[in-house]
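Student: kindly return the folded structure for what I paste below:
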Amino acid sequence: MRELLLGPVAEALGVVLYVVVAGAMAVVGVLAEQAGIDNLGAGQTTLGLWEVAVGALLIYGALNVAYHIVLPRLRGAEPTA
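Tutor: Just a heads-up that it's a prediction; the model follows:
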């Protein structure tokens, strides 16, 4: 009986954790992109390009987590990772 209650709760907490991870990665990625664009505008090319690249990677990672882990779990399917 106990496992019938704890199974869905654990699954829901796992989905919430992945949503938080994807959201945090997306927010940090957008902030890195903005900082990179600001630095490129200020003439700091190396730092600006580095921040733009890191921001793009974080946004890409957030989209992958959301698409390959969160959405399948919300639909009730297994993750495709």
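
Student: any weak-confidence spans in the protein?
Tutor: 1-2, 77-81 (pLDDT under 70).

Student: go again using 80 as the cut-off
Tutor: 1-7, 77-81 (pLDDT under 80).

Student: where do the helices sit along it?
Tutor: Remark: helices assigned in the chain by DSSP state H are 2-41, 45-65, 71-75.

Student: in CSV: these, plus mean neighbour count.
Tutor: C-beta: built from backbone N, CA, C; applies to glycine. Below are the helices of the chain laid out as CSV (neighbours: other Cβ atoms under 10 Å):
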stretch, mean neighbour count
helix 2-41, 13
helix 45-65, 16
helix 71-75, 13
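
Student: tell me which residues touch the closest residue to L74 other than its chain neighbours, please.
Tutor: Of all residues not flanking L74 in the chain, V15 sits nearest, at 6.5 Å (Cβ to Cβ, 6 or more residues apart in numbering). V15 makes contact with V70, R73, L74 under the criterion Cβ atoms under 8 Å, 6 or more residues apart in numbering.

Student: swap in 10 Å and give it another go.
Tutor: I69, V70, L71, R73, L74 (Cβ atoms under 10 Å, 6 or more residues apart in numbering).

Student: I'd say the fourth one and A12 touch.
Tutor: Yes: taking contact to mean Cβ atoms under 10 Å, the distance of 9.3 Å between R73 and A12 places them in contact.

Student: state the phi and psi torsions of A42.
Tutor: A42 adopts backbone torsions of phi -90, psi 0, taken as degrees, to the nearest 10.

Student: you'd agree it is up against E51?
Tutor: No: assessed by Cβ under 10 Å, A42 is found out of contact with E51, at 11.7 Å.

Student: what's the closest non-adjacent residue to W50?
Tutor: Distances taken as Cβ to Cβ, 6+ apart put G36 closest to W50, at 7.2 Å, once the chain neighbours are dropped.

Student: appreciated, that's everything.
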